[in-house]
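The amino acid sequence is not available; the structure is as follows:
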Ligand SMILES: Nc1nc2c(c(=O)[nH]1)N=C([C@H](O)[C@H](O)COP(=O)(O)OP(=O)(O)OP(=O)(O)O)CN2
């Protein structure tokens, strides 16, 4: 039987501050507001024969990189069925229920997600972490994004048997 181990990486430094709004329906959304999001990861890996599985420092650096890329941006859901985003000079023009909002492109990231929620953020970051970890001998990764203490969404991946 293969011996597996679970590493938990839940560091205070793994955070990003970002502005967003959740879209609830075709006609309802939150006002733009911000959170200090935090990112935590659970990794399941085979145990090596010297009492070591995967170097958590490697994953700490990758998580830091993921957080850094989104820090201090407005995060917009580019795949929402309810809003339309187009370029307008230095701005993104976002149309929702007949109203337009302008966001400076330099302050804004268009993400390939359907909503700016912790569910979608965690899935998007998990996909990026998997890409950075291609070739690593891992069995599972779960990545969680918390929008504040006690509220988070998690996405998970399991290796094909
Ligand atoms: N399933 C989800 N539901 C909600 C999400 C989400 O990402 N996934 N997000 C929100 C809001 O955007 C917001 O992030 C949560 O706001 P809220 O809980 O009202 O306020 P706080 O973060 O300040 O939490 P407190 O409990 O009030 O301190 C809503 N739903």
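Structure's in. What do you need? Note that the structure is a prediction, hence the values are computed from the model and not measured.

Neighbours of the spatially closest residue to residue 30 that is not a sequence neighbour, how many?
Excluding the flanking residues, the one nearest residue 30 by C-beta to C-beta, 6 or more residues apart in numbering is residue 21, at 4.3 Å. To be clear about C-beta, it is placed using only N, CA and C from the backbone, and glycine gets the same treatment. Each residue near residue 21 was counted by other C-beta atoms under 10 Å, and the total is 20.

ditto for the one 5 residues further on
Neighbours of residue 26 under the rule other C-beta under 10 Å: 12.

in the top strand by length along the chain, what's buried?
As assigned by DSSP state E, the longest strand anywhere in the chain is strand 33-46. For strand 33-46, burial by neighbour count (16 or more other C-beta atoms under 10 Å) applies to 35, 37-45.

coming back round to it: from residue 93, how far out is the residue nearest to residue 30?
Residue 21 sits 15 Å away from residue 93, going by C-beta to C-beta, to the nearest Å.

quick one on the thing from earlier: pick out whichever of the buried residues of strand 33-46 sits closest to residue 16.
Using C-beta to C-beta, residue 37 comes nearest to residue 16 of the buried residues of strand 33-46, at 5.3 Å.

pretty sure that closest one contacts residue 18?
Yes. Contact criterion C-beta atoms under 8 Å: residue 37 and residue 18 qualify, at 6.3 Å.

Identify the contacts common to the two.
Both residue 37 and residue 18 are contacted by residue 70, under the criterion C-beta atoms under 8 Å, 6 or more residues apart in numbering.

Could you check how far the closest residue to the ligand within the chain is from residue 134?
Residue nearest to the ligand within the chain: residue 117 (3.3 Å; C-beta to the nearest ligand atom). Residue 117 is 26 Å from residue 134, where distance means C-beta to C-beta.

Now do stretch 49-62: distance to the chain's middle.
Distance of stretch 49-62 from the chain centroid (C-alpha atoms, centre = their mean, to the nearest Å) equals 21 Å.

Any idea how many residues pack against residue 64?
Residues within reach of residue 64, counting by other C-beta under 10 Å, total 15.

should've said residue 131
The tally of other residues near residue 131 (other C-beta under 10 Å) stands at 9.

Residue 120 now?
Neighbours of residue 120 (other C-beta under 10 Å): 22.
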